[in-house]
Structure formats: C-alpha cells, structure tokens
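1. here is a sequence together with a model predicted from it:
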Amino acid sequence: MTVPADPAPALAVEVARVRYQADDGDFAVLDAVTDDGEAVVVCGPLAHIHAGDAMEVRGTWREHPRHGRQFHVSAVRVAEPSTDAALLAVLAAVKHVGPAGAAYLLDRHGASVLDVVDADPHARLREVPGIGPIRIAPAVESWREARSLRAVRLFLDAHGVPAAAASRVLRALGADAVDVLTVDPYRLCELDGVGFATADALALALGVGPDDPRRLAAGVAHALREAESDGHCHLPAAELRARARRLLDADPAGAIEQLAAAGAVVVEGDRVADARLHRIEQRLAQRVRALLDADPAHDGPAPERPGGGAFVPTDAQWAAIQRALAGRLSILTGGPGVGKTATLRALVDVVHARRLSARLCAPTGKAARRMAEATGAEASTIHRLLGWQPGAGFVHGPEDPIPGADVLIVDEASMLDVRLAGALFGAVGDATHVVLVGDPDQLAPVGPGRVLDDLIASEEVPLTRLTEVFRQAARSLIVRAAHAINEGRPPPREIPGDVDRDFYFVARDRADEIFAEVVSLAADRLPGHLGLDPRADVQVLAPMHRGPVGIEALNDALRARLNPDGEPIPGTGLRVGDRVVQTRNDHERQLMNGEIGVIAAHDRDAAETLLATDDGRMIALPAGALETLRPAHAMSVHKAQGSSAPAVVVPIFSGHHVMLTRNLVYTALTRAERMAVFVGERRALELALRRVDARRRHTRLAELVREG
Ligand SMILES: Nc1ncnc2c1ncn2[C@@H]1O[C@H](COP(=O)(O)OP(=O)(O)OP(=O)(O)O)[C@@H](O)[C@H]1O
C-alpha cells in the first residue's frame, strides 16, 4: 500500500539512471538528483526520459512500503540539457561518439557544446578521435536526428502535450516536424496511437479556437479515419456528423462542405467518403466489371473430367473448375473440409495440362505457405506477387500487369480489403483469369471494405459454393463444430465413435477460473499431451485486449510461465524469447500485419533485434521497428485471420459480450490444425451464436459492380 505524504508541487531534477522501465513502454522509475543535490526516486509516465536529461516534474511524494519515498509524477517538462552529466549523456548517445568522444567534445567546447556542434556538426564531429571519413556521415545523421528529437520534445512539452510521442512525430513528419505542427497541429492525429484529443490540446495551446474551421475540418477528417479503421468505406452523413460532434463538442456541419470543396471528401447523396478511399473503391468496381464483361482468354477445348485416380471431383467442384476457365472472374467458397483446397489443386493441374500458367497468392505469408504445401505449386503473398518495393509502392499495376498468370488464384479472399483488392485487380493483365477462393463467414478483413462478401452479394460474379463435408474431414470434431457454429448451433456434445476428439469445450464460469484454465492448458497441458512446443505451436485467441480474461493479462501470465528470464529489450517492454505479432505492414522488411515470430536475439551495441518468423525467416530489426511488435502468446482473433496453429485455446467469457459474434468464434475455431479447446461459459457461446457479425460495413462495391 502507498501512503500519501507531504505534497510537493514541482521538482527540478536531473536523471542519473533509468532504474526500471515497465513492459507497457510508458511507466518508468528513475534515479534523479535535485538542484540541491538530494538523491530522489521519480516514477510515472517517463519511459521517454533518458539518463542525463534535466526535467521539471509535478506530482506528489508518496511512501512506498518497500522502496521508500518516491515522487509520483503527473506532469513532466524536459529541459535542454545543461549539466555536464546531461551533456555527456546526450553526446555519448550519438553514433560513433561514445563516452570517450563525449568527454572530448565537452572538454573542448564547454557548456555551449551543443550549440557549437550544431553550428557545424560535420566539422566538429570529424575532430572527435576515432571518427574518420567513413564514420562521419552516420555520426552527423545521428546528431541531426537527436537534435530534431530534442526540439520536438521541447515543443510538445512546452504546449502541455505528452512528449512520449516525440520519436513517432519525428519519424512521421520528418526533421521539420515542429514547423509542420506549428502550421497545422492536427497533423498530429494522423499518427498511429495519437488521438484527436492530443492534437486538439496542442492546437488549443497554439491559439486555435474551438470553432476554428481548421479544427472542425480536422475533427471530421479524423472521424472518417476512425470509421475506416472500423472497416467502413464511407459513412452516412448523419453518422459522420454525430461521430465528429463527439470529438469536437461543436457542430461540424459546415466543415463537411468545406472538405468536399477542397476535394478531400466526396459527398454522394447521403454518403460521405474520404476522397482517396472513394476512388479506390470505384476503380476496383470498374476493374471487376471489366473482367465480368470481357470474353474468356483461355476458352480452349473443354478439359477432361478426372473419372478415377486420387481425386474425383464432385459436380460442384467440377463446376468451379469449369467456371474458372469459362470466365475472367469467378469465386469458390465454402466452410472447412468441403474440398476448396482439393478443387484448387485440381484446377492447377487442369491449367498446367493445358500448357497454361497458374499463379497462386494469398494475403498473408502463412496462408501462401499452406497453399503451396497443398498444391505443390509456388505461392506468394499478394504484396510479393505485385512486386512491392519499399518507398516506391507496387511494381505491377495497369501499365505493367502481373506476368505469367493465365490463371491467378487468390486464397483466403475473405481477408481482402478494398485497398489490397484494388491494387491486385489493377494489376490483372488482359489474358488473366482470376479465381477468388475463400470463406465469407470468416471475420471481415482488418482494413476497410468486405470485398469477397460484396462480390458475392452483387450476384454478378460466377460463384461455386461447396457445401458437402467430405468423410475424411467429417472425422474431425473441429470441422463438425465449425459447421454447427456457422449455422448458429452449439458444437455437438454427442461424439460418434469414428470421430477424432480434436475439439473440447471446458466449462468454467468465473473469470479467474477461465483465466487459470486457459493458461494451464496453453502453457503445460496441451504441449505435454500433444508433444507441442508451447512457445511456437499453441496459440491463445481472445476477443478483447483488456479485462480479467483479456489478451494483455493472458500474455503477461503466459510470458511469466514461458519466458520468465528473457533479456529485456530496453524501451520496448519486450524480451528475447518472446513470441510476438507484427501489428502493421512493414513493407521494407516484408514483415506484414499479423505475422508471428519469436525474438531470437538482441544486440545492445548495434541496437538491433533478430526476429525468427514463423515462416522460417530471420529478420534484423532496428530499434524503431520494434514499436509495432506486440506479445503474441495470446492475440486477437482478428489478428489471427489467415494464419493457423497446431493447437488453439479460446476463452469464451460473457465479459467479452460486445465482441462475441458467430463469425468471431467460427474464425477462432478454424485457426486450429490439430486441437481446439474452448474454455468458459456455455451461455457466452450461445450469445455469440445468436449474433451474426453485428457490425455492418458501409461499402458500395456490390452496388457499383451491379450498376456497371
Ligand atoms: N471430391 C472429393 N472426393 C473425396 N474426397 C475429397 C474430395 N474433395 C475433397 N476431399 C477430401 O476432403 C477433405 C477436405 O478437403 P480440403 O482440405 O480440400 O477442404 P477445404 O475446403 O480446403 O478445407 P479447409 O478450409 O479446412 O482447408 C480432404 O481430406 C480431401 O482430400
């Protein structure tokens, strides 16, 4: 227990040492020295503070039973470094300068060393012993970065905005970040993880009034961005106004017209869309329409239907193969075990037998790998197929379509959002047939739109829906339970003798019981029982991040069991040995949203971390690239789309009721390859079964394709 003691409103200190940094990358405990030379311990949201920084903090003194007297910080303002220790710390952090170079520079230039080096970094750093013609360029670059970072931090601090975002601001807005933000403080809320409220606080501090047209426009634009992250391609005007009003506490009506006049949004009847997203959706529809209206490119003699051998297609499966050859665009759908993959393999064989070329792709690396294993043909991610080049975008597009693809087969098509689908369809050449394969009952994609669903709903695209579950697959209780769930029925409790028991429902009622059971199953019992590696082969999937059975708490507990002694990676909350998931597309390193790996090593001197990805690659990540990694012993069902694991454990908890839908439970279950265990309340599962993906997405694709 902590006991409040004498309050002290403000304290000027210099940081001697970072004593502890919490896993959340926010909280830190620092050893510091006051202006009077008293040693103090300061704690609070200070993860962005370094040894050597001078700062003014506000907060209260508290007595901690074990750690003694501590200053709990509520607000912090970092000063330009002025003491020798602070200056040395700043200098030593510059690449190739180090402690010896720092001492040299301080000795030579004294208290004004920062200004002196700033005046001509190249000349001053070149004088440092050990910095020769090769090291000088990275040293100067590192100096400039550190200097810009200090400037951004001071700027944010001075305007009462938490400076923790400084490095992100710098990366997103570049060296002129302070100038950019002074002109348009709302650029701040374009950054991931920075809300409108933070940008608004900066704007108000810079003198922007509550009814300022810039503020209203920024509120509307932000509301549209948020809608996009909810999956919408547009919003009804009334809903947009309501969302913007919640952010602004002011009426944004005029701002929508203003944005429309400036070409930033498109208003069509009652709908308002971001102009760029609007164009992407429209172009996608045009490309789809063009494929539907075009003649087939490969309508040679009818292929011979296999009548014997390893695979004899059913009528529906054969129809799918014929449709793939008869038209430029077709869709193959169905749930687990209905033979989508078998059909796809047969299609590839038919294509090859005709001496045509097939190219296979999927939205995620893992799905592409599964596709390659199942068909024996090469398969790649869509990004790789389109030749993504960092900084330059996709190589293939309308001018330079995907080569060597008489037939292009796209698996896991339920994951296609309008952006990726737009890029893909934009790169389909004149002689290419496209086949989309997927299960529309899976969760909608993370990005905006719901392409597969919309194309099916348009009723314009030739479609084969496979429904017959094959005997082989029907032996799996996972497959049986998945079909039951998809039809809104609970998983079967009576298990026929010839069925493999690869799915269990462990009934538990209380949050703490569910939690303990999930952790014990994932960390000990399933790996022991099935001979699996608990760090790599068992995936806990949960609907929500917070709360007693949330992803965060589960990750903490699982990591404490599975990776208790991993070396911490400073400033990240991660440890060597952690299982992690990438939360954004990092095209430069081909590390895509949803990809999973284990942190294999960390080199402190080079500030470089090695990630061993699930698909067998070893990727070197600089410090800045770690921000988008999150612990992944447990992760969200949404993140797990398009991937799978030998064993999957899913808490089913009524506290997650806002997220519980049939599609979510179905998607979680179908991620399991060998074993799935649901742990929790039957009534929570029943609740989920009654709810078909509750949130409708505002999209126009079906309508646009229909209208032509
Ligand atoms: N025409 C067929 N005749 C006999 N067995 C078949 C036929 N088609 C598929 N199967 C068998 O049914 C099982 C499921 O097929 P497949 O793996 O292709 O389904 P899927 O729809 O891709 O399922 P999932 O989405 O779970 O991967 C396999 O064992 C496959 O060999």
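-> Perfect, I can see it now.
2. strands along the stretch 501-650 of the chain, start to end?
-> 503-507, 538-542, 568-569, 574-575, 579-582, 596-603, 608-613, 618-622, 629-631, 634-636, 645-652 (DSSP state E, counting those that start in this stretch).
3. meant to ask about the stretch 201-350 of the chain, not that
-> Counting by DSSP E, counting those that start in this stretch, the stretch 201-350 of the chain has these strands, from start to end: 235-236, 265-268, 271-274, 329-333.
4. that older thread, dump the strands of the stretch 501-650 of the chain to CSV, plus distance to the ligand, mean pLDDT and mean neighbour count.
-> C-betas here are computed from N, CA, C, even on glycine. Below are these laid out as CSV (distance: least, C-beta to the nearest ligand atom, whole Å; pLDDT from 0 to 100; neighbours: other C-beta atoms under 10 Å):
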stretch, distance to the ligand, mean pLDDT, mean neighbour count
strand 503-507, 13, 95, 17
strand 538-542, 17, 96, 26
strand 568-569, 37, 86, 17
strand 574-575, 33, 90, 21
strand 579-582, 22, 92, 24
strand 596-603, 19, 90, 19
strand 608-613, 22, 90, 19
strand 618-622, 28, 90, 15
strand 629-631, 27, 91, 22
strand 634-636, 21, 94, 26
strand 645-652, 14, 96, 26
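5. distance between the ends of stretch 184-197?
-> Taking C-alpha to C-alpha, to the nearest Å, the first and last residues of stretch 184-197 lie 15 Å apart.
6. need the contact partners of that stretch.
-> Stretch 184-197 is touched from outside by 161, 165, 168-169, 172-173, 180-181, 198-200, 202-203, 206, 208, 214-215, 218-219, 221-222, 225, 247, 584, with contacts defined as C-beta atoms under 8 Å, 6 or more residues apart in numbering.
7. switch the cut-off to 6 Å
-> 165, 168, 172, 180, 199, 202-203, 206, 218, 222, 247 (C-beta atoms under 6 Å, 6 or more residues apart in numbering).
8. kindly report the same for stretch 176-183.
-> 151-152, 155, 169-170, 173, 187.
9. now swap in stretch 414-430 and tell me
-> The contact list for stretch 414-430 (C-beta under 6 Å, 6+ apart) reads 280-281, 283-284, 287, 363, 382, 386, 394, 396-398, 401-402, 434, 438-440, 442, 445, 447-449, 451-452, 641-642.
10. from these, which would you call buried?
-> Among the contacts of stretch 414-430, those classed as buried by 16 or more other C-beta atoms under 10 Å are 280-281, 283-284, 287, 363, 382, 386, 394, 396, 401-402, 434, 438-440, 442, 445, 447-449, 451-452, 641-642.
11. among those, which ones are in strands?
-> For these, membership in strands holds for 394, 434, 438, with DSSP state E as the criterion.
12. out of the contacts of stretch 176-183, who's near the ligand?
-> Among these, none lies close to the ligand by the criterion of C-beta under 6 Å from any ligand atom.
13. could you dump those residues to a markdown table with neighbour count?
-> Shown next, in a markdown table, are the contacts of stretch 176-183 (neighbours: other C-beta atoms under 10 Å):
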| residue | neighbour count |
| --- | --- |
| Ala151 | 17 |
| Val152 | 22 |
| Phe155 | 19 |
| Val169 | 25 |
| Leu170 | 20 |
| Leu173 | 19 |
| Arg187 | 18 |
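14. where's Arg153 relative to the ligand, distance?
-> 50 Å (C-beta to the nearest ligand atom, to the nearest Å).
15. quick check: that residue touching Ala166?
-> Yes: assessed by C-beta atoms under 6 Å, Arg153 is found in contact with Ala166 at 4.3 Å.
16. quick one: pLDDT of the residue nearest in space to the middle of the chain?
-> With distances taken as C-alpha atoms, centre = their mean, the residue of the chain nearest its centroid is Thr583 (2.4 Å). Looking at Thr583, its pLDDT stands at 84.
17. from the ligand, how far off is it?
-> Thr583 is 26 Å from the ligand, where distance means C-beta to the nearest ligand atom.
18. what does that residue show for phi and psi?
-> Dihedral pair for Thr583: phi -110, psi 10, per degrees, to the nearest 10.
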